[in-house]
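**Q** Provided below are the primary sequence and the corresponding predicted coordinates.
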Amino acid sequence: MEIKGDRVLNTYTDGDLSLVLQNQLSGVKTNEVSKKHLIRLQNEIKSGRLNLESVVSCVCCGRDDFINVSNVDRFSLPFTSLLCQDCGLISTSPRLKEEDLPYYYSELYHPINFGRESMETHKHKHLFSAGQGLKIYKKISPYITKGSLKILEIGSGMGDVISGIIKADQKSDYALAVGMEYNRECLVMARRHAKENALDIQFAEGGFNEAKLISSKYNIIILSHVFEHLIDLKLAMEQLNEMLEDDGLLYVEVPGLFVNHMKEYYNYTFVDYTIHAHMYNFSAQSLVNVLVSGGFECLSINESVEGVFKKNKNIIGQPIKNNYQQVLFYLKLIGDKDFLKFSRSKDSKIKKINKELGVLSDKIIECKAIIDSLEEKNKINELLLMEKSKLLLEYKLKVNLIRQYSVVKHPFLKFQAYACLFNWLIIKQNVMKLY
Ligand SMILES: [Zn+2]
């Protein structure tokens, strides 16, 4: 069977939302502690101890043209996901009000999510894998230029990220290391862990405001799985701007939307990825859109949404790149029953092909990034056109290869192939404009 790229793509971008909204039953397993606290959450909402608000406009683009892409979150609670048609960012609505978040995080968040009354008894003693700090260090190290650094982590949990970074960095001297956290139990454990490892890290209670009291400026600021929990992103970015040195680095990591089909933890679905504590769900592009509006230029990012940024006031006001169509396409695809069945397959051959396609699709995204950057610089001369043609050709070859792969007996191959085709169509349009 031969695939007509454009036509197949349209079946996923046009039409109704049934493929997105169908089968939205959560597959998340909850234990007794988690269940008890989920009931408590609902009771406290009913009694008015916790208050909800609806999202009226998009935090990224300011518009209000949303479509509903999920009716519930991973716990089957009625927190819907709204996809913005003007930028592609997904917002959770309703959401807990800002003033109730400290109470929610101290009383409910950990038992609901980790199924434990106390963090002390947490099985793994790590909120994230122990390698998270090393991974982050590898992402930021190419951009570290100074020898003496002040580093800050907001939402430092049990401290393994910031201590992992410091342990991994053999080149720099950390004049100051600060981890800010609201959960007191986590702070106690983080301090103990730092002491045991002879690491000079200050763990303090609070967030942005309290971090400013310790030092007015930092060279590196880390937000690992924190940004998606914040409501007022504009305020957060103002604070980050204030605290980050002009030549400093900002690392932001959030759970990436476009890798859901590879996450067993989410049962390979969108609905199990959503959670009422995440105010927003990001693709790489939507995180870049938000941070650009706050004056942060992207140095590197991937679809797991691990991004390194630096300050650049000049990019404020740069137009938003709307990836609404791509998000919708992806949500419809992973909502496809056949696709889901295939994603869940344990077949090693399937996994191998998936990996190969992943590599190819990364290469294509690289090509796209090069072409985009050429366009942005607006240096359209013959040389660049030649360069573009070369890239275009290379791109075309890869797309053809992917087309061959996706003889579409295997629904799971669709995503990689279609995502490439999608990018290909966009590039084709852009390049054609130049001729
Ligand atoms: Zn928007």
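**A** Noted; the coordinates are in hand.
**Q** surely Leu149 forms part of a helix?
**A** No - if the criterion is DSSP: H, G, I helix; E, B strand; the rest coil, then Leu149 is strand and not within a helix.
**Q** look up the residues forming beta bridges with it.
**A** Beta-bridge pairing of Leu149 under DSSP bridges involves Tyr174.
**Q** now it: how far from the ion?
**A** 35 Å (Cβ to the ion, to the nearest Å). Using the backbone N, CA and C atoms, a C-beta is placed for each residue, glycine as well.
**Q** wait, isn't that residue in contact with Asn219?
**A** Yes - in this structure, Leu149 is within contact of Asn219 by Cβ atoms under 8 Å, at 4.5 Å.
**Q** count the neighbours of the residue nearest to Leu77 when sequence neighbours are not counted for me.
**A** With Cβ to Cβ, 6 or more residues apart in numbering as the criterion, Leu77 has its nearest non-adjacent residue at 5.8 Å, and that residue is His276. For His276, the count of nearby residues is 22 (other Cβ atoms under 10 Å).
**Q** do the same with Lys29
**A** Lys29, neighbours per other Cβ under 10 Å, totals 8.
**Q** could I get the pLDDT score of it?
**A** Lys29 carries a pLDDT value of 84.
**Q** what's the burial count for the residue of the stretch 251-400 of the chain found nearest the ion?
**A** Nearest to the ion in the stretch 251-400 of the chain, going by Cβ to the ion, is Ile320, at a distance of 7.4 Å. Ile320 has 22 neighbours, counted by other Cβ under 10 Å.
**Q** for this structure, which segments count as strands?
**A** Ranges of strands in the chain, per DSSP state E, are 52-53, 66-70, 80-84, 90-93, 95-96, 148-154, 173-181, 202-205, 218-224, 244-253, 280-281, 296-300, 306-311.
**Q** hang on, the earlier thing: I'd say the residue nearest to Leu77 and Leu96 touch.
**A** Yes - if you go by Cβ under 8 Å, His276 and Leu96 touch, sitting 7.0 Å apart.
**Q** before we move on, back to that, ok, the residue of the stretch 251-400 of the chain closest to the ion to Glu306 distance?
**A** Look at Ile320 and Glu306: by Cβ to Cβ, to the nearest Å, they are 21 Å apart.
**Q** which residues touch the residue in the stretch 101-250 of the chain that the ion sits nearest to?
**A** Proximity of the stretch 101-250 of the chain to the ion (Cβ to the ion) peaks at Leu233, 11.7 Å away. Applying Cβ atoms under 8 Å, 6 or more residues apart in numbering, we find Leu233 in contact with 59-60, 227, 280, 290, 294.
**Q** buried subset of those as a PyMOL selection?
**A** Only the buried entries of the contacts of Leu233 go into this PyMOL selection, using 16 or more other Cβ atoms under 10 Å:
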select buried, resi 59+60+227+280+290+294
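**Q** could you identify the most distant pair in the contacts of Leu233?
**A** Distances among the contacts of Leu233 were taken as Cβ to Cβ; the most separated pair is Tyr280 and Gly294, at 13.7 Å.
**Q** residues near the residue lying closest to Gln285 once chain neighbours are set aside, how many?
**A** Of all residues beyond its chain neighbours, the one nearest Gln285 is Asn323 (4.5 Å), with distances taken as Cβ to Cβ, 6+ apart. Neighbour count of Asn323, defined by other Cβ under 10 Å: 23.
**Q** and if you look at the one 5 residues further on?
**A** Taking other Cβ under 10 Å as the criterion, the count of residues near Leu328 is 21.
**Q** isn't it right up against Leu83?
**A** Yes - counting by Cβ under 8 Å, Leu328 does reach Leu83; the two are 6.8 Å apart.
**Q** overlap in contacts of the two?
**A** 67, 69.
**Q** so in terms of bridging, what pairs with Thr92?
**A** Ser81.
**Q** now it: how far from Pro319?
**A** 26 Å.
**Q** the two: which is more packed in?
**A** Higher neighbour count among Thr92 and Pro319: Thr92, with 23 against 7, using other Cβ under 10 Å.
**Q** could you give the number of residues near Ile166?
**A** 20.
**Q** what pLDDT does Gly62 get?
**A** Gly62 is given a pLDDT of 96.
**Q** tell me how many other residues crowd it.
**A** 12.
**Q** what of Tyr266?
**A** Tyr266 has 21 nearby residues by other Cβ under 10 Å.
**Q** isn't it right up against Ile275?
**A** No - using Cβ under 8 Å, Tyr266 makes no contact with Ile275, being 10.0 Å away.
**Q** overlap of the contact sets of the two?
**A** Shared contacts of Tyr266 and Ile275 (Cβ under 8 Å, 6+ apart): Arg74.
**Q** so, low pLDDT: which residues of the stretch 101-250 of the chain?
**A** Where the stretch 101-250 of the chain drops to pLDDT under 70, the residues are 119-130.
**Q** so Arg86 makes contact with Gln325?
**A** Wrong residue type there; residue 86 is Asp, not Arg. No - applying Cβ under 8 Å, one finds Asp86 not in contact with Gln325, separated by 11.6 Å.
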